[in-house]
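Enquirer: coordinates only, sequence not included:
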């Protein structure tokens, strides 16, 4: 099974441009998450969705937006990119309801904002 | 609030050496605890987990015991291999946080032959 796919794998983006990072899962998990990974800071939660049609803010939501129109897709949009958004972005999913349910991660998108 | 603190890296060991990566946590309730591993160029994968106090998670020779009295979940392996070179993340999840995970900053391990 594919699990979680992310696209693109990497991207170089000019500051001020917009971009959508795509994430699709085929496990029918109800919860999905976006993290950014920065050296020395680990993973920080940007936004999450506990079920289709709902979203919530994580630790570092500013400059990002998400939508959850269906169970499988959870795109992350940068409306006007800034260099501080240079990072590796990971999408994850899990089955909601139990705290010991593991999160499954995609391969990541490496974004460079110049 | 909830948080996870893990030992600073990077850690460099010779093959067959003993590994310990320390992890302590702060939580308001009764969290589940996890170790994830990230190999170069890949996403995170679950290595092991423990869901209640005194549970021991184990996988691929790695072990960690959920110690409520010391709020710790240290990762150990008796004999590391070159293939264990990766970044290791400690994490927790509580039932009152909507299944949100809190990750440590990661510890980079390099094993040399």
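Expert: Noted; the coordinates are in hand. It should be emphasised that the depicted structure is a prediction, and the values quoted were computed from it without experimental measurement. Numbering: from 1, shown residues only, chains lettered A, B, ... in the order given.

Enquirer: contacts and neighbour counts: CA atoms only from here.
Expert: Fine.

Enquirer: Provide a list of residues in contact with residue A:6.
Expert: Each residue near residue A:6 by CA atoms under 8 Å, 6 or more residues apart in numbering or on different chains is listed here: A:21-24, A:91, A:106-109.

Enquirer: hang on, it in a helix?
Expert: No - Residue A:6 is assigned strand when assessed by DSSP: H, G, I helix; E, B strand; the rest coil, not a helix.

Enquirer: got the contact list for the helix or strand of chain B with the lowest mean pLDDT?
Expert: Lowest by mean pLDDT, DSSP states H and E among the helices and strands of chain B is strand B:101-103, with a mean of 88. The contact list for strand B:101-103, computed with CA under 8 Å, 6+ apart, reads A:42-44, B:2-4, B:89-94.

Enquirer: Give the residue spans of the chain that score low on pLDDT.
Expert: Picked chain A for this. A:1, A:97-100 (pLDDT under 70).

Enquirer: that's the wrong chain, I wanted chain B
Expert: Applying pLDDT under 70 to chain B flags residues B:95-99.

Enquirer: Which residue does it have closest to chain A?
Expert: Closest to chain A within chain B is residue B:105: 3.7 Å, counting by CA to the nearest CA.

Enquirer: Let me know how buried residue 109 is, in neighbour terms.
Expert: Going with chain A. A total of 22 residues lie near residue A:109 under the criterion other CA atoms under 10 Å in any protein chain shown.

Enquirer: sorry, should have said chain B
Expert: 20.

Enquirer: what's the answer for residue A:13, then?
Expert: 17.

Enquirer: Pretty sure it sits against residue A:110.
Expert: No - in this structure residue A:13 lies outside contact range of residue A:110 using CA atoms under 8 Å: 10.8 Å.

Enquirer: now the strands for chain A?
Expert: A:4-7, A:10-13, A:19-25, A:31-38, A:42-49, A:56-57, A:64-66, A:76-78, A:87-94, A:104-105, A:109-113 (DSSP state E).

Enquirer: picking up where we left off before, ok, now which ones touch the residue of chain B closest to chain A?
Expert: By CA under 8 Å, 6+ apart, the contact list for residue B:105 reads A:40-43, B:5-6, B:89.

Enquirer: can you do 6 Å?
Expert: A:40-42 (CA atoms under 6 Å, 6 or more residues apart in numbering or on different chains).

Enquirer: Closest to chain B out of those residues?
Expert: Nearest to chain B out of these is residue A:42 (CA to the nearest CA; 3.7 Å).

Enquirer: how far away is residue A:37 from chain B?
Expert: Remark: distance between residue A:37 and chain B (CA to the nearest CA, to the nearest Å) = 9 Å.

Enquirer: what number of residues lie near that residue?
Expert: Residue A:37: 18 surrounding residues under other CA under 10 Å.

Enquirer: quick one, what contacts the closest residue to residue A:14 other than its chain neighbours?
Expert: What sits nearest to residue A:14 in space, not counting adjacent residues and going by CA to CA, 6 or more residues apart in numbering or on different chains, is residue A:114, at 5.1 Å. Residue A:114 makes contacts with A:14-15, A:83, as judged by CA under 6 Å, 6+ apart.

Enquirer: isn't residue B:79 right up against residue B:16?
Expert: Yes - under the criterion of CA atoms under 6 Å, residue B:79 makes contact with residue B:16 at 4.1 Å.

Enquirer: burial measure for the residue nearest to residue A:13 when sequence neighbours are not counted, as a count.
Expert: Using CA to CA, 6+ apart and skipping the chain neighbours, the partner closest in space to residue A:13 is residue A:113 (4.8 Å). Residues lying near residue A:113 (other CA under 10 Å) number 17.
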